[in-house]
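Enquirer: Next come a sequence and a model predicted from it.
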Amino acid sequence: MPDTFRAFMIDRPDGEKTQTTAWHAISQPDLMAGDVTVRVTHTTMNYKDALAITGRGPVVRRFPMIPGIDFAGEVTASDHADFAPGDSVILNGWGVGEVHHGGYAGFARVKGDWLLKTPQGLSAADCMAIGTAGYTAALCVQRLIDLGVGTDRGTVLVSGAAGGVGSLAISLLSTLGYTVAASTGRTAEEAYLKSLGASEIIDRREFSDAKVRPLNKERFAAAIDAVGSTTLANILSMIKYDGVVAACGLAQGADLPATVMPFILRGVTLAGVDSVMAPKAVREAAWRLLDETLDRGALAAITRQVEFDDVESLAEALLDGRIRGRLLIKIA
C-alpha cells in the first residue's frame with residue numbers, strides 16, 4: 001500500500017446542519033477497522049450515493065465519511081479465512097458509505113464477511129457497471145421467480161425504467177422471456193428502453209400523478225418498483241389476481257397512500273427487497289443470475305464510464321434525472 005492515497009470525503013462538524021465535501025490524501029491508519037484490505041479498482045454511483053454526496057437525503061450517519069456503497073478490487077491483506085492477497089472481490093451495501101468508509105478511495109478496509117468473490121464470468125468493471133442497482137434488479141427478478149411469476153403470466157411492469165435498477169431489470173426480464181412494460185417520464189428514452197427489451201412504454205404520470213383508487217383495471221401480472229409513494233399505490237391497484245410487486249426504492253417518496261383492497265380481493269403480494277443487509281446466499285444467487293443471464297451487449301449500452309473527479313456534478317445530475325442507466329468509475 002502506498003504511503004498516501006486519494007479519497008473523496010463528506011464531513012459535517014458537530015453542531016452544523018450543512019455538510020462539506022473535499023478531496024483528501026489519506027493513509028492506512030485513516031481507514032476503519034476490518035479484517036480485509038482491498039485496493040479499489042472500480043466503483044460506481046447509485047441513487048443512494050448521489051443522496052449522500054449532495055446531502056439531499058440522510059444517508060451518511062457518521063462523519064467524516066468516504067461515500068461509495070459499492071466497490072470492486074483486489075485484496076492486498078487479509079486475516080479472513082475466505083480471502084487471500086490477490087483475490088478479486090466485490091462489495092455491495094452493508095452500511096459501507098453510510099457508517100463505514102466506502103469505495104470512493106484508493107483503498108478500503110472492511111469485514112471479510114461483507115465481501116464476495118468476483119463472479120467468474122464478470123470483470124471488476126462489469127460488476128461496478130452493474131453495481132448495487134443491477135444487483136438490486138436481480139434480487140427483484142429472483143423474488144418474482146421465487147413467488148411463482150412465470151413468463152406465461154402476462155406483462156411485468158418496471159417503474160423508473162430509465163434508471164439503473166429499471167434498465168437492468170428490463171434487460172434481465174426480457175432475456176428470461178418475460179413481456180416487459182417500462183414506465184418512464186423521459187419520453188426521449190423510448191428507443192433505448194425498447195433496445196433493452198421493453199415492448200411497451202408508459203408515461204410515468206399514469207402512475208405518479210393519477211388519483212389513487214382502491215382498485216383499477218387488472219393490467220400487469222407483476223411489477224418491479226423503485227419509485228414508491230403514489231406510483232406504487234397505483235401499480236398495486238392494477239396488478240392481476242395473485243400477482244406480485246417487488247418494491248425496492250422510494251424515489252418519489254416513502255409514503256404509500258394505498259388501501260388493503262388489492263391484497264384481500266386480488267391476493268396481491270407486496271414483496272420488499274433489501275439489498276443492504278441481504279444474507280450471503282441471497283447475494284450469491286443474485287450475482288449468479290446476473291452472471292448467467294445479463295446480456296453483455298445490453299450492459300455496455302446501459303453503462304457510461306465517467307471520471308472520478310466528477311462525482312459531485314454527477315450526483316446532482318443523477319438526482320435531477322439527467323443520467324441514463326449506469327455510471328462506471330475507474331479509480332486511478
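Expert: Perfect, I can see it now. Numbers count the residues shown, from 1 in each chain.
Enquirer: domain ranges for the chain?
Expert: 5-118+299-330, 133-272 (automatic domain parsing).
Enquirer: Centre of the chain to the top helix by length along the chain, how far?
Expert: When the chain is scanned for its longest helix (criterion: DSSP state H), the result is helix 124-146. A distance of 7 Å separates the centroid of the chain from that of helix 124-146, by CA atoms, centre = their mean, to the nearest Å.
Enquirer: Contacts for the following helix or strand past that helix, please.
Expert: Tracing the chain C-terminally past helix 124-146 and defining elements by DSSP states H and E, one meets strand 156-158 next. With contacts defined as CB atoms under 8 Å, 6 or more residues apart in numbering, strand 156-158 is touched by 144, 149, 166, 169-170, 173, 178-183, 198, 202, 219-225, 235, 238. Quick note: C-beta positions are derived from backbone N, CA and C, even for glycine.
Enquirer: Okay, helices next: where are they in the stretch 51-200 of the chain?
Expert: 124-146, 164-176, 190-196 (DSSP state H, counting those that start in this stretch).
Enquirer: can you pull the buried residues of the longest one?
Expert: Residues 124-145 are the ones in helix 124-146 that count as buried (16 or more other CB atoms under 10 Å).
Enquirer: do the same with stretch 162-181
Expert: 162-176, 178-181.
Enquirer: any idea which of the domains of the chain is most buried?
Expert: domain 133-272 (a mean of 21; mean count of other CB atoms under 10 Å).
Enquirer: what separates stretch 91-108 from the chain centre, distance-wise?
Expert: So, by CA atoms, centre = their mean, the centroid of stretch 91-108 is 14 Å from its chain's centroid.
Enquirer: Could I get the average pLDDT for it?
Expert: When pLDDT is averaged along stretch 91-108, the result is 97.
Enquirer: Just the C-alpha atoms of that stretch, please, in CSV.
Expert: Coordinates of each C-alpha in stretch 91-108 appear next as CSV, following Å, rounded to 0.1, in the frame of the first residue of the first chain:
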residue,chain,number,x,y,z
LEU,A,91,-18.9,-5.4,-2.1
ASN,A,92,-22.4,-4.0,-2.1
GLY,A,93,-24.1,-2.4,0.8
TRP,A,94,-23.6,-3.4,4.5
GLY,A,95,-23.6,0.2,5.5
VAL,A,96,-20.5,1.0,3.6
GLY,A,97,-20.5,4.6,2.5
GLU,A,98,-23.0,5.3,5.3
VAL,A,99,-21.4,4.3,8.6
HIS,A,100,-18.2,2.6,7.3
HIS,A,101,-15.8,4.2,4.8
GLY,A,102,-16.7,3.2,1.3
GLY,A,103,-15.4,2.8,-2.2
TYR,A,104,-14.5,6.4,-3.2
ALA,A,105,-10.9,6.0,-2.3
GLY,A,106,-7.8,4.1,-3.4
PHE,A,107,-8.2,1.5,-0.7
ALA,A,108,-10.9,0.2,1.6
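Enquirer: Compile the domains of the chain into JSON lines and extend it with columns for distance to L290.
Expert: Formatted as JSON lines, the domains of the chain follow (distance: least, CB to CB, whole Å):
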{"stretch": "domain 5-118+299-330", "distance to L290": "9"}
{"stretch": "domain 133-272", "distance to L290": "5"}
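Enquirer: now for the ones you listed, which one comes closest to K280?
Expert: Ranking the domains of the chain by distance to K280, with CB to CB as the measure, places domain 5-118+299-330 first at 7.4 Å.
Enquirer: quick revisit: of the domains of the chain, give the one that comes closest to E284.
Expert: Taking the domains of the chain one by one with CB to CB, domain 5-118+299-330 is closest: 6.6 Å.
Enquirer: Show me the strands in the stretch 151-300 of the chain, by range?
Expert: Here the stretch 151-300 of the chain has its strands, by DSSP state E, counting those that start in this stretch, at 156-158, 180-184, 198-203, 220-225, 239-247, 269-272.
Enquirer: Please read off the pLDDT at E218 from the model.
Expert: In this model, E218 carries a pLDDT of 98.
Enquirer: Same question for F63.
Expert: In this model, F63 carries a pLDDT of 95.
Enquirer: Please report how far it lies from T18.
Expert: 12 Å (CB to CB, to the nearest Å).
Enquirer: same question, D274
Expert: When D274 is compared with T18 (using CB to CB), they lie 30 Å apart.
Enquirer: do the same with R62
Expert: 17 Å.
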